[in-house]
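J.: Sequence first, then the predicted structure, then my questions.
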Amino acid sequence: MGSETTWKVCGEEFEDMLSKMTEKLQGCKILRDDELVSMLKEGDYDGDGGFSPMEFCVLMFRLSPELMMESEALLDHALQQEFDSNFKFFLTYLIFYYV
């Protein structure tokens, strides 16, 4: 698979994908130091100077609108299925109760 390295952080294993990310990010905007610091401060919700896994995930979703749209579509689908299931249960209850 190449020269990727696996890192263990807080008991979780992460694969170093720097070389693959570098290929995909060619042509993307390079952040200045002050922009990067601002982004990191924005993502550090508890103010401890670091990112928890949840803070990192929230920041990545906020910075990646396509991830947010996909997540929203999945949530809408799940809610619709839940609604359909509950509605069928409710109709069944009405039919048996009133008939």
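T.: Cool, got the structure. Numbers count the residues shown, from 1 in each chain.

J.: Residue 13 belongs to a strand?
T.: Yes - the assignment for residue 13 by DSSP: H, G, I helix; E, B strand; the rest coil puts it in a strand.

J.: Enumerate every residue touching the nearest residue to it once chain neighbours are set aside.
T.: The shortest distance from residue 13 to any residue other than its chain neighbours is 5.5 Å, reached at residue 6 (Cβ to Cβ, 6 or more residues apart in numbering). In this view, the C-beta of every residue, glycine as well, is placed from N, C-alpha and C. The contact partners of residue 6, by Cβ atoms under 8 Å, 6 or more residues apart in numbering, come to 13-16.

J.: Show me the beta-bridge partners of residue 6.
T.: Bridge pairing for residue 6 (DSSP bridges) gives the partners residue 15.

J.: What is the strand or helix carrying residue 19 packed up against?
T.: In the assignment (DSSP states H and E), residue 19 maps to helix 18-24. Contacts defined by 3 or more Cβ pairs under 8 Å, 6 or more residues apart in numbering; DSSP states H and E place helix 18-24 against no helix or strand at all.
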